[in-house]
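**Student:** Everything below, folded, please.
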Amino acid sequence: METIKVNTSQQVDIDYPVAGLGERIAARMIDFGLLIGVLLVFVLFAGLITNPKTNVFFIGLMIIYAAAYVFYHLICEIFFNGQSPGKKLMKIKVVSLDGGQASIGQYFIRWLFRLVDFWLSGQVGGLLCVALSEHKQRIGDLVAGTTVIKTVGRTTLEEIAFEPVEEEYIPVFANVHLLNDQEMELIHEVLATYYKTAHYELIYAMADKIKMRLGISLPAGMHELAFLNTVVKDYNQVTSVTQ
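**Tutor:** Prediction:
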């Protein structure tokens, strides 16, 4: 599975899977269905109109609709962090190839090339490019330096199922209370990603961040994976006592 590194706010890179052709087609169909649904509402509204002045109002609405149809994806991606309603439902989003949020210029370029991807090529150009390119990019993505990734819902602390800690358990790292809930959520996400991808570099990076945060070194004989699991266990014990 193709992945792309996304840098978190804690400066830890996490691999996110690149969205496949099926997910992108489904998102496109959802968006198209939404636009057609709005058009049908307008048409039904027009069927009820008999007043000439209201007809002028309806023509104005149709002009606005036409503009919204043309600029729909550009507006959605700029104002909704790389997602249209279809992409949001399919849990995918547009990002820059460096893993960061795409710029307005990148959104504009990939929108401009929709003409090549979908209209001039009869839908075939963009689909073939997504299917064959390394990072599942359509032509507009290749030119803009973007791709589409699967978004993985961030885990909240309430959703983390910590293993029960023995009543007499003594934390290994006494200053683990210096960490906050957001950092623990990230540790949990890193561990979950590691168990899925076996990318040990992610564990090294996260362990380095936590060691620096706590001002400690690894105890003799403890590796980075055991260190992170111990931090989670310690934090669970400390917070359960203070609550």
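
**Student:** how close does Asp234 sit to Leu218?
**Tutor:** 14 Å (CB to CB, to the nearest Å). Any C-beta I mention is one placed from the backbone N, CA and C, and that applies to glycine too.

**Student:** If you could redo that for Trp111, that was the one I meant.
**Tutor:** In terms of CB to CB, Trp111 sits 49 Å off from Leu218.

**Student:** Can you tell me the element Val95 falls in?
**Tutor:** Element membership for Val95, per DSSP states H and E: strand 92-96.

**Student:** next helix or strand past that strand?
**Tutor:** Downstream of strand 92-96 (by DSSP H and E), the next one is helix 104-112.

**Student:** pLDDT on that next one, on average?
**Tutor:** Averaging pLDDT along helix 104-112 gives 95.

**Student:** Give me the helices and strands touching it, please.
**Tutor:** When contacts are defined as 3 or more CB pairs under 8 Å, 6 or more residues apart in numbering; DSSP states H and E, helix 104-112 packs onto helix 52-79, strand 92-96, helix 139-144, strand 146-150.

**Student:** Same list, the ones you listed, but as CSV with mean neighbour count please.
**Tutor:** CSV is the format used below for the helices and strands packed on helix 104-112 (neighbours: other CB atoms under 10 Å):
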stretch, mean neighbour count
helix 52-79, 13
strand 92-96, 22
helix 139-144, 21
strand 146-150, 23
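
**Student:** which one of these lies closest to Leu120?
**Tutor:** Counting by CB to CB, Leu120 lies closest to helix 139-144 out of the helices and strands packed on helix 104-112; the figure is 10.2 Å.

**Student:** Show me the contact partners of that closest one.
**Tutor:** Identification of contacts with helix 139-144 by CB atoms under 8 Å, 6 or more residues apart in numbering yields 102, 105-107, 109-114, 116-117, 125-126, 129, 133, 135, 146-148.

**Student:** Provide the strand pairings for the strand holding Val95, with the direction of each partner.
**Tutor:** Strand 92-96 has its sheet partners listed here by DSSP bridges as strand 146-150 (antiparallel).

**Student:** Can you list the buried residues in the helix or strand immediately after the strand it pairs with in the chain?
**Tutor:** Sequence-wise, the next helix or strand downstream of strand 146-150 (DSSP H and E) is helix 181-197. Using 16 or more other CB atoms under 10 Å as the test for burial, helix 181-197 gives Glu183, Met184, Glu185, Leu186, Ile187, His188, Glu189, Val190, Leu191, Thr193, Tyr194.

**Student:** cool, and stretch 86-102?
**Tutor:** Gly86, Lys87, Lys88, Met90, Ile92, Lys93, Val94, Val95, Ser96, Leu97, Gly99, Ala102.

**Student:** what's the spacing between that stretch and its chain's center?
**Tutor:** Counting by CA atoms, centre = their mean, to the nearest Å, stretch 86-102 is centred 5 Å from the centre of its parent chain.

**Student:** residue nearest the centroid of this structure?
**Tutor:** With distances taken as CA atoms, centre = their mean, the residue of the chain nearest its centroid is Thr151 (3.2 Å).

**Student:** which residues does that residue contact?
**Tutor:** Applying CB under 8 Å, 6+ apart, the residues near Thr151 are Tyr16, Lys91, Ile92, Lys93.

**Student:** In three-state terms, label the closest residue to Leu191 other than its chain neighbours for me.
**Tutor:** Distance criterion CB to CB, 6 or more residues apart in numbering; nearest residue to Leu191, sequence neighbours excluded, is Leu228 at 6.1 Å. Following DSSP: H, G, I helix; E, B strand; the rest coil, Leu228 is assigned to helix.

**Student:** quick one: Leu228 and Ile203 touch, right?
**Tutor:** Yes. Leu228 lies in contact with Ile203 (CB atoms under 8 Å); the separation is 6.6 Å.
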